[in-house]
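J.: kindly generate the corresponding structure for this input.
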Amino acid sequence: MKNTMKAIFSALLFLGFNAGAYALDGYQQLANEISEAGTSIQGKKIAIIPFSYADGRAGATKDGSVISERLTIKMINMHKFEIIERSVLDKVMTELKLQSSGMIDASSAQQLGKVLGVEAIVTGTLVETSGGQIEINARLIKTETAQAIGASQVTVDKNWIGDAATAPQQQPVQQQAYQQPPAAYQQPVQAAPAAAPVRAAYVRGKNEYGFFDIFMGFGSPTMNLEFSNTNANITLNNSYNNDLGICVGNPCLVTPTITKDYRTVTWEKLKTEGVGPIAFRIGGFGKQALGGDLEMSYEKRNIAAQDTTWSLNGAAPTDFKFNTNDYATVKTFGISGDLLIRHAGEKVDPYFGIGLGMSLNSIELPYVKGFTDGTFVKPTNDFGLGLMFRIPVGMRIRIADKTQLVAELRYELNSISFDRGGVSGESDTITLSGVKFLVGMGFNF
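T.: Here you go, the predicted structure:
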């Protein structure tokens with residue numbers, strides 16, 4: 001029984017301690033958000049001005065002083081700024097004939113900056129809410145420019161004794177003699193509802209921004225092309241008038257014709273020609289290192305005329321020659337996204353990432369037979385759905401306030417599936433892969 005009572009007593013102490021700590025969470029949140037907004041001035045002096053009520057009520061100065069004192073303690077313990085002592089601040093503000101609390105105008109902020117040697121001041125207003133709570137609207141103001149560079153809004157409990165955070169008290173009503181009520185009923189006048197507190201506008205961090213990019217890519221990815229049929233009915237002979245429009249044997253003779261049925265016909269690492277990608281993307285970076293983007297792109301690739309090798313039914317590669325550069329042409333419309341990690345800099349933001357997406361591909365095979373309107377003829381014009389994967393490495397270089405030069409080196413793979421218009425047992429693939437260099441312009445917002 002004794003041990004049980006000890007356990008209960010310890011639990012009550014623990015809950016009481018946590019409840020007290022929770023009441024102060026609002027001050028820590030306030031300190032964290034102001035410190036984050038002031039990353040450009042960390043390590044320098046700031047002053048915290050006592051807060052005042054937004055409705056200008058008199059005789060409630062202690063509330064602002066208590067709140068500013070608790071905020072001061074939190075920020076001192078964070079060790080990110082040098083905080084001017086309250087006694088020094090009060091003396092200087094008295095000498096400058098400034099208010100000891102409330103909002104500070106541009107001229108007053110500059111005066112305090114010069115006399116106290118502070119880079120910024122923290123000030124703001126209070127709004128009384130229901131349930132004995134006070135809404136704090138704080139701003140971090142740079143003294144040199146009087147510009148608000150950060151803002152925070154929290155609600156805390158009023159748990160101190162002193163100047164109540166209420167409207168001025170009404171004078172007590174003296175007892176009056178009873179008067180006969182008027183005969184006519186009068187509609188009681190309802191007080192106008194209190195205006196809702198205005199939430200402070202969100203303030204972006206120094207290195208936080210969105211971007212819209214337009215760019216052009218250069219490079220010559222290789223192409224792997226495979227025709228595959230589980231029914232082993234890909235017909236090849238020593239003429240160009242067969243299923244794939246290629247000649248088997250050297251020289252190619254119209255007669256005699258040798259016909260063979262194959263399961264797979266494969267070419268690897270074929271040289272390509274083309275343009276792109278031509279693309280635009282929209283994205284952004286948060287206050288930390290993470291960011292992302294969504295990209296839409298267009299690219300055109302065709303097999304170049306070349307000497308290469310091919311493989312039949314997975315056998316050892318043998319020599320092959322493409323006499324023209326239009327045997328296979330792929331036009332790709334891609335939709336993809338990247339997860340980016342960057343190192344924020346004053347002028348240059350280097351980054352790297354990983355991206356995934358899908359591609360819609362138009363495939364033109366002028367010498368290959370496929371089903372068109374139910375007839376097995378050439379050319380084949382097919383549609384293929386593809387999966388995209390890429391690894392981008394690049395940098396964003398600021399050339400103006402809202403303009404960046406974007407340069408990126410990326411490895412990209414696009415794997416496309418098609419079936420020559422619906423040939424039975426067909427499962428054909430085109431894989432484009434390689435390194436590309438992209439350059440363009442970025443516009444921040």
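J.: nearest residue to residue 140 other than its sequence neighbours?
T.: residue 150 (3.9 Å; C-beta to C-beta, 6 or more residues apart in numbering). Where you see a C-beta, it was placed from the backbone N, CA and C, and this is true even at glycine.
J.: which helices and strands does the helix or strand hosting that neighbour pack with?
T.: Using DSSP states H and E, residue 150 falls within strand 147-157. Applying 3 or more C-beta pairs under 8 Å, 6 or more residues apart in numbering; DSSP states H and E, one finds that strand 147-157 contacts helix 25-37, strand 133-142.
J.: do that again at 10 Å, thanks
T.: Packing partners of strand 147-157 (3 or more C-beta pairs under 10 Å, 6 or more residues apart in numbering; DSSP states H and E): helix 2-23, helix 25-37, helix 61-78, strand 120-129, strand 133-142.
J.: check which element follows that strand along the chain.
T.: Using DSSP H and E, the next helix or strand after strand 147-157 towards the C-terminus is strand 209-218.
J.: for that next one, which strands pair with it and how are they oriented?
T.: Strand pairing for strand 209-218, using DSSP bridges, gives strand 272-285 (antiparallel), strand 428-444 (antiparallel).
J.: in it, what's buried?
T.: 209, 211, 213, 215, 217 (16 or more other C-beta atoms under 10 Å).
J.: could you work out the most separated pair of those?
T.: 209 and 217 (23.5 Å; C-beta to C-beta).
J.: dump the strands paired with strand 209-218 to TSV, plus distance to residue 363 and mean neighbour count.
T.: Listed next are those as TSV, based on distance: least, C-beta to C-beta, whole Å; neighbours: other C-beta atoms under 10 Å:
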stretch	distance to residue 363	mean neighbour count
strand 272-285	14	18
strand 428-444	7	18
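J.: so which of those gets nearest residue 299?
T.: strand 272-285 (3.4 Å).
J.: and the helix or strand harbouring residue 93, what's buried?
T.: Using DSSP H and E, residue 93 maps to helix 86-95. For helix 86-95, burial by neighbour count (16+ other C-beta under 10 Å) applies to 89, 92-93.
J.: hmm, who's touching the helix or strand just after that helix?
T.: Sequence order places helix 106-116 as the next helix or strand after helix 86-95, per DSSP H and E. Residues outside helix 106-116 that contact it (C-beta atoms under 10 Å, 6 or more residues apart in numbering) are 45-47, 49, 84, 88-89, 92-93, 95-99, 103-105, 118-121, 123, 141-147.
J.: now restrict those residues to buried residues only.
T.: Using 16+ other C-beta under 10 Å, the buried ones in the contacts of helix 106-116 are 45-47, 49, 84, 89, 92-93, 98, 103-104, 118-121, 123, 141-143, 146.
J.: quick check: can you list the domain ranges of this protein?
T.: Following automatic domain parsing, one gets these domains for the chain: 21-157, 209-444.
J.: just how off-centre is the last one within its chain?
T.: So the one you mean is domain 209-444. Computed by C-alpha atoms, centre = their mean, to the nearest Å, the chain-centroid distance of domain 209-444 equals 28 Å.
J.: any idea of the mean pLDDT in it?
T.: Throughout domain 209-444, pLDDT has a mean value of 94.
J.: helix or strand for residue 353, which one?
T.: Residue 353 belongs to strand 348-365, assigned by DSSP H and E.
J.: quick one, that strand and strand 272-285 angle?
T.: Relative orientation of strand 348-365 versus strand 272-285 (axes from the mean of the first three to the mean of the last three C-alpha atoms, to 10 degrees): 140 degrees.
J.: I'd like the next helix or strand past strand 348-365.
T.: Next along from strand 348-365, by DSSP H and E: strand 370-372.
J.: ok, and what's touching stretch 312-320?
T.: 232, 234, 236, 246-248, 250, 260-268, 270, 306-311.
J.: before we move on, the earlier item: per-stretch mean pLDDT over the helices and strands packed on strand 147-157, give me the minimum one.
T.: Looking at those, the bottom one is helix 2-23 with a mean of 45.
J.: that older thread, mind putting the buried residues of strand 209-218 into JSON lines with distance to residue 300?
T.: Shown next, in JSON lines, are those (distance: C-beta to C-beta, whole Å):
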{"residue": "209", "distance to residue 300": "33"}
{"residue": "211", "distance to residue 300": "26"}
{"residue": "213", "distance to residue 300": "21"}
{"residue": "215", "distance to residue 300": "16"}
{"residue": "217", "distance to residue 300": "12"}
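J.: okay, stretch 39-50 in CSV with CA atoms only?
T.: What follows is stretch 39-50, C-alpha atoms only, in CSV (Å, rounded to 0.1, in the frame of the first residue of the first chain):
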residue,chain,number,x,y,z
THR,A,39,19.1,33.8,-39.1
SER,A,40,20.8,36.6,-41.0
ILE,A,41,21.4,38.5,-37.7
GLN,A,42,22.2,35.6,-35.3
GLY,A,43,25.1,36.3,-33.1
LYS,A,44,24.3,40.0,-32.9
LYS,A,45,22.5,42.3,-30.4
ILE,A,46,18.7,42.6,-30.2
ALA,A,47,16.3,44.3,-27.8
ILE,A,48,12.9,42.9,-26.7
ILE,A,49,10.4,45.7,-26.1
PRO,A,50,7.5,45.1,-23.6
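J.: which stretches in the stretch 251-400 of the chain count as helices?
T.: Taking DSSP state H, counting those that start in this stretch as the test, none of the stretch 251-400 of the chain falls into helices.
J.: all strands of it, in order?
T.: 260-262, 264-270, 272-285, 290-303, 306-312, 318-322, 329-342, 348-365, 370-372, 375-377, 380-398 (DSSP state E, counting those that start in this stretch).
J.: got TSV for those, with distance to residue 158 too?
T.: Supplementary listing: the strands of the stretch 251-400 of the chain in TSV, determined by distance: least, C-beta to C-beta, whole Å:
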stretch	distance to residue 158
strand 260-262	85
strand 264-270	74
strand 272-285	39
strand 290-303	38
strand 306-312	81
strand 318-322	82
strand 329-342	43
strand 348-365	45
strand 370-372	79
strand 375-377	84
strand 380-398	46
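J.: so which of these comes closest to residue 434?
T.: strand 272-285 (8.5 Å).
J.: now the helix holding residue 93 - C-alpha only, PDB.
T.: Listed next in PDB are the C-alpha coordinates belonging to helix 86-95 (Å, rounded to 0.1, in the frame of the first residue of the first chain):
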ATOM      1  CA  ARG A  86      15.800  45.400 -19.500                       C
ATOM      2  CA  SER A  87      17.200  48.100 -17.200                       C
ATOM      3  CA  VAL A  88      19.500  49.400 -19.900                       C
ATOM      4  CA  LEU A  89      16.600  49.400 -22.400                       C
ATOM      5  CA  ASP A  90      14.300  51.300 -20.100                       C
ATOM      6  CA  LYS A  91      16.900  54.000 -19.400                       C
ATOM      7  CA  VAL A  92      17.700  54.600 -23.100                       C
ATOM      8  CA  MET A  93      14.000  54.700 -24.000                       C
ATOM      9  CA  THR A  94      13.400  57.200 -21.300                       C
ATOM     10  CA  GLU A  95      16.200  59.400 -22.500                       C
END
